[in-house]
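Colleague: 3D, please:
(one chain, ligands or ions: 1)
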Amino acid sequence: MRKKIAIIGAGISGLSSAYLLSEKNYDITVLAKSFSPNITSNRAAAFWFPYHIRNDKRGINWAKTSYTFYEKLAENASTGISIKTLTKVLREGVEEEEPIWIDFLPKATCKIIPKKDLQPGFKKAYEVLVPLIETQIFLPYLRQFLTNKNIVFKERVIDNFNQLSSFDIIINCSALGARELCNDETVVPVRGQVALLETDTTRPIYLDNEMPLYIVPRKDAMIVGGTYEENIFKEETQPATIEKILNNAYSVFPELKQQKVIGNWAGLRPYRNNVRVEHEVGTNIIHNYGHGGSGFTLAFGCAEEVMHLVEKLN
Ligand SMILES: Cc1cc2nc3c(=O)[nH]c(=O)nc-3n(C[C@H](O)[C@H](O)[C@H](O)COP(=O)(O)OP(=O)(O)OC[C@H]3O[C@@H](n4cnc5c(N)ncnc54)[C@H](O)[C@@H]3O)c2cc1C
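Modeller: Numbers count the residues shown, from 1 in each chain. Presented below is the predicted three-dimensional model:
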């Protein structure tokens, strides 16, 4: 008999886990309180970049594995994934950040911009090739792909793992939901507010962690971010903050004033000091949550580890 697997959560962590497990012979059900577009995963920008995961050395391999997956997926335009140029800048007067993220990139995808070409005030800049994941396209694509593979989706709130006793294996991808489901208060919300401009997909992605400012030209909007507000539970934007984000963008790129402001949104990153990807000893539960601001960057690496943990339970 095929083993029955329950995956809690339909964000990128749950769907990428389902994607890899769908290649094996399992009977899979995804159970979630909410689905795309009403989840954090839709609020992500989302470009590949290892963000705030330096404490977690496992993140290097997860990010590398994910990069390879996205490169392959980008060959099919209907996934909504493309490989884009990202300009990453470092400002004068700021301590040199450890450029550890460069080690995460495949060879020949990184170019240092000569100092003479930098705008005043900048110390260093890189041009790197990274996957851009259009969440509004990729999440529905994944759901359809999985449905075609007979994976069942059910809207359901899980309050206790005992509710899933009819399953052989449970994979917990509940992100901030783990605060209650696992009584784990080490996973905390980090709010990100962003403004949306009329898009211009000819622009590169731009990232300045010091300002902080990022500009992500997707097909549906140009996302201009953003904030990193720890322990804020309200998923709402504040007009003064959105204005400040836009003014930051205009100060570096005055031409953006020509682009119409078309909206804004906020999302809660599920941050944990160490992403939890592990089998809980003595149970049939595998956890996969707490990816903070790097959920897409890490997703397929974590999903691959989940798949290995499932195989060990067999
Ligand atoms: C503004 C912003 C920009 C970002 N930009 C990027 C980026 O550029 N690159 C990047 O890699 N990452 C980015 N992120 C981070 C990324 O969005 C998250 O890391 C990622 O979405 C987390 O995915 P997840 O599947 O773990 O969680 P979620 O998307 O939150 O999904 C959790 C799922 O679990 C379900 N659930 C929770 N509790 C229960 C329960 N008790 N019962 C049933 N279901 C439950 C929810 O309904 C949902 O389906 C950004 C985040 C924000 C907010």
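Colleague: please count neighbours and contacts with C-alpha atoms only from this point.
Modeller: Will do.
Colleague: dig out what residue 132 forms beta bridges with.
Modeller: Beta-bridge partners recorded for residue 132 (DSSP bridges): residue 47, residue 82.
Colleague: isn't it up against residue 77?
Modeller: No. Counting by CA atoms under 8 Å, residue 132 does not reach residue 77; the two are 12.0 Å apart.
Colleague: so for those two, which sits in the more crowded spot?
Modeller: Remark: of residue 132 and residue 77, residue 132 carries more neighbours, 27 against 9, as counted by other CA atoms under 10 Å.
Colleague: got the contact list for that one?
Modeller: With contact set as CA atoms under 8 Å, 6 or more residues apart in numbering, residue 132 has these partners: 46-48, 81-84.
Colleague: from those residues, list the ones also adjacent to the ligand.
Modeller: 46-48 (CA under 6 Å from any ligand atom).
Colleague: phi first, then psi, for the closest residue to residue 122 other than its chain neighbours.
Modeller: Excluding its sequence neighbours, the residue lying closest to residue 122 (CA to CA, 6 or more residues apart in numbering) is residue 91, at 4.2 Å. The phi/psi pair for residue 91 (degrees, to the nearest 10) reads phi -90, psi 150.
Colleague: count the neighbours of the nearest residue to residue 212 once chain neighbours are set aside for me.
Modeller: Nearest residue to residue 212, sequence neighbours excluded (CA to CA, 6+ apart): residue 226, at 6.7 Å. As a burial measure, residue 226 scores 24 neighbours (other CA under 10 Å).
Colleague: wait, residue 226 touches residue 211, no?
Modeller: No. Taking contacts as CA under 8 Å, residue 226 lies outside contact range of residue 211: 9.4 Å.
Colleague: what's the residue nearest to residue 212 sitting at in phi/psi?
Modeller: Residue torsions, per degrees, to the nearest 10, at residue 226 are phi -170, psi -170.
Colleague: tell me where the stretch 101-250 of the chain is predicted with low confidence.
Modeller: Applying pLDDT under 70 to the stretch 101-250 of the chain flags no residue at all.
Colleague: can you map out the strands along it?
Modeller: For the stretch 101-250 of the chain, the strands defined by DSSP state E, counting those that start in this stretch cover 110-112, 122-133, 152-155, 169-172, 188-197, 205-208, 213-217, 222-225, 229-230.
Colleague: looking at those, which is nearest to the ligand?
Modeller: strand 188-197 (4.1 Å; CA to the nearest ligand atom).
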